[in-house]
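# fold the stuff below for me.
(3 chains)
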Amino acid sequence: MPGMDDESILGRIQELGLELPAPPAAVAAYLPCVIHGSLAFVAGQIAMSGGEVLHPGSLGDGVGLDEGIQAARQAALQALSALREALGGSFERVERILQVTVFMASVPGYVDHPKVANGASELLAEILGELGRHARAAVGVSSLPLGAPVELVMTAAVRAT
Amino acid sequence: MPGMDDESILGRIQELGLELPAPPAAVAAYLPCVIHGSLAFVAGQIAMSGGEVLHPGSLGDGVGLDEGIQAARQAALQALSALREALGGSFERVERILQVTVFMASVPGYVDHPKVANGASELLAEILGELGRHARAAVGVSSLPLGAPVELVMTAAVRAT
Amino acid sequence: MPGMDDESILGRIQELGLELPAPPAAVAAYLPCVIHGSLAFVAGQIAMSGGEVLHPGSLGDGVGLDEGIQAARQAALQALSALREALGGSFERVERILQVTVFMASVPGYVDHPKVANGASELLAEILGELGRHARAAVGVSSLPLGAPVELVMTAAVRAT
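Next comes the predicted model:
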């Protein structure tokens, strides 16, 4: 598989009216993305905007569907940015997205998980085309770090160096 | 490792009085199963029966232990069906099950997660024998897509083509 | 990559005033750790102490931050023990830790997930150094097996035999 063209992907993100966020800073205790062979494990991403959690709260209790979708999209963009950074600042070695888990803080009885998670899934397909499609799980949880409504975990296939 | 014999596995499922469900349909936004090298990532499976969610609700609040176990078994069967479909409609290339995560909608204070998850784990071992045994996590969550009581995520090892 | 030295790691654990717990017993339905190629999947670990769940309950409702951190550290030690056992009783073949998911039972509105998960992440870095650093997700859930406050799932890279 030939991998991807970095410029095309950046162009596609721009065409969609989006911006690739700065890669998440490495923190002391863990890494934003770990590469092993042909696998890339991206750490759980919480949508941030201007240094603040985007739309804090729970789905079904203060956070609406559109806000959840927006958080899922932004978390997916951040995951792509972490992946690109771990690959030396280029998407060139990315082969495809393999798996995405979308955890969402939500009240008992919440049922719109697929719609929220589609925010991330559809964005990955819009940006990366067929290679952005992935196996997915959408899971409603009681709470997430910093009060975020969505946390996205991504695994990708990369060309081994 | 030689992989598995498709007919034997289908026969074993029948012997157990079960039926391999039709593979989950591909949806727009994501894929039921993604293969990469010798790894297969199966998307989160929610037990369905006749087009409806099986035993909707939460464990400890309307959904009983036996219903949870039944949902976990059915979700495991669906995961096997998704895996088989992604491998061209045969279990022949399956080497073993690696990891299973069983999320279950459950009330705070619920403690029977292992019993529910055993529904899936024991079924995989009954069908696939030693190669069906896997690393597992069982996790109680606040809600799942469509009000399902159980969502099962599976990773398997496959013979690379 | 040269892998690790078993004695050095055991010495490091001792230096930190800790003890590697006995590996979790294999149970009927699943395995404590599955190795496939260069990947090791460790089953979800719940911190145990003297045969009992350590600090049962939920974070934010009876279980304090320090107790949560202690449970996360103990679960990480157990995960290392399960990994070592699956590799024939030595850390020699371990290349690095890839991914850690820390599920924690917690009330809605809980926000200290990163602090609890750091208990595990920092311990892995203290024991294994740079090779202990990993991609991480921290997720608050409604309940965990046996009333545990923390469940830790770990994936590691190992030298294939």
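
# quick one: the residue of chain A positioned farthest from its centre from A:Gly62, how far?
Outermost residue of chain A with respect to the C-alpha centroid, by CA atoms, centre = their mean, is A:Gly109; its distance is 24.9 Å. Per CB to CB, to the nearest Å, A:Gly109 is found 15 Å from A:Gly62. Just so you know, the C-beta spots here come from the backbone N, C-alpha and C atoms, and that holds for glycine as well.

# now A:Glu122
Using CB to CB, which is the criterion applied here, A:Glu122 is 24 Å from A:Gly62.

# quick one, strands of chain A?
A:33-36, A:39-46, A:48-49, A:52-53, A:58-59, A:62-63, A:94-105, A:135-141, A:150-158 (DSSP state E).

# what's the second one packed up against?
Spelled out, that is strand A:39-46. Based on contacts counted as 3 or more CB pairs under 8 Å, 6 or more residues apart in numbering or on different chains; DSSP states H and E, the elements that strand A:39-46 packs against are strand A:33-36, helix A:65-86, strand A:94-105, strand A:150-158, strand C:94-105, strand C:135-141.

# I figured the residue farthest from the centre of chain A hits A:Gly60, correct?
Yes. Counting by CB atoms under 8 Å, A:Gly60 is a contact partner of A:Gly109 at 7.3 Å.

# thinking again about what came up before, redo the helices and strands packed on strand A:39-46 as TSV? Include distance to A:Glu52.
Output for the helices and strands packed on strand A:39-46, formatted as TSV (distance: least, CB to CB, whole Å):
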stretch	distance to A:Glu52
strand A:33-36	23
helix A:65-86	12
strand A:94-105	16
strand A:150-158	14
strand C:94-105	23
strand C:135-141	19
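
# please convert those to JSON lines, extending it with distance to chain B.
Formatted as JSON lines, the entries for the helices and strands packed on strand A:39-46 read as follows, by distance: least, CB to the nearest CB, whole Å:
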{"stretch": "strand A:33-36", "distance to chain B": "12"}
{"stretch": "helix A:65-86", "distance to chain B": "11"}
{"stretch": "strand A:94-105", "distance to chain B": "4"}
{"stretch": "strand A:150-158", "distance to chain B": "5"}
{"stretch": "strand C:94-105", "distance to chain B": "5"}
{"stretch": "strand C:135-141", "distance to chain B": "5"}
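
# format the ones you listed as CSV; extra columns: mean pLDDT and distance to A:Leu54.
Compiled in CSV, those are given as follows (pLDDT from 0 to 100; distance: least, CB to CB, whole Å):
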stretch, mean pLDDT, distance to A:Leu54
strand A:33-36, 97, 20
helix A:65-86, 98, 5
strand A:94-105, 98, 13
strand A:150-158, 98, 9
strand C:94-105, 98, 22
strand C:135-141, 98, 18
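
# any idea which of these gets closest to C:Gly37?
Comparing the helices and strands packed on strand A:39-46 against C:Gly37 with CB to CB, the closest turns out to be strand A:33-36 (10.7 Å).

# the closest one pairs with which strands, and in what direction?
strand A:39-46 (antiparallel) (DSSP bridges).

# show me what counts as buried in the partner strand.
The neighbour-count check on strand A:39-46 (16 or more other CB atoms under 10 Å in any protein chain shown) flags A:Leu39, A:Ala40, A:Phe41, A:Val42, A:Ala43, A:Gly44, A:Gln45, A:Ile46 as buried.

# same thing with stretch A:150-161?
Neighbour-count burial for stretch A:150-161, with 16+ other CB under 10 Å as criterion, is recorded at A:Val150, A:Glu151, A:Leu152, A:Val153, A:Met154, A:Thr155, A:Ala156, A:Ala157, A:Val158.

# separation between the fourth one and chain C?
Remark: distance between A:Val153 and chain C (CB to the nearest CB, to the nearest Å) = 5 Å.

# any idea what the residue nearest to that residue when sequence neighbours are not counted is bridged to?
With CB to CB, 6 or more residues apart in numbering or on different chains as the measure, A:Thr101 is the residue that lies nearest to A:Val153, at 4.4 Å, once sequence neighbours are left out. Per DSSP bridges, the residues bridged to A:Thr101 are A:Ala137, A:Val153.

# what about A:Thr101, how many residues nearby?
A:Thr101: 26 surrounding residues under other CB atoms under 10 Å in any protein chain shown.

# that one: what's it in contact with?
Residues near A:Thr101 by CB atoms under 8 Å, 6 or more residues apart in numbering or on different chains: A:Arg136, A:Ala137, A:Ala138, A:Val139, A:Leu152, A:Val153, A:Met154, B:Gly44, B:Val153, C:Ala137.

# give me the neighbour count for the first one.
Neighbour count for A:Arg136, taken as other CB under 10 Å: 26.

# so how far is C:Gly50 from the closest residue to it other than its chain neighbours?
Distances taken as CB to CB, 6+ apart put B:Tyr30 closest to A:Arg136, at 4.1 Å, once the chain neighbours are dropped. For B:Tyr30, the distance to C:Gly50 (CB to CB) stands at 44 Å.

# higher neighbour count, these two?
A direct count of neighbours by other CB under 10 Å for B:Tyr30 and C:Gly50 places B:Tyr30 higher, at 27 against 5.

# correct me if wrong: that one contacts A:Ala138.
No. With contacts defined as CB under 8 Å, B:Tyr30 does not count as touching A:Ala138, sitting 9.4 Å away.

# so who does the closest residue to A:Ser49 other than its chain neighbours touch?
Setting aside the residues directly before and after it, A:Ser49 is nearest to A:Gln74 in space (CB to CB, 6+ apart), at 6.9 Å. Applying CB under 8 Å, 6+ apart to A:Gln74 gives the contacts A:Pro21, A:Ala47, A:Met48, A:Ser49, A:Leu54.
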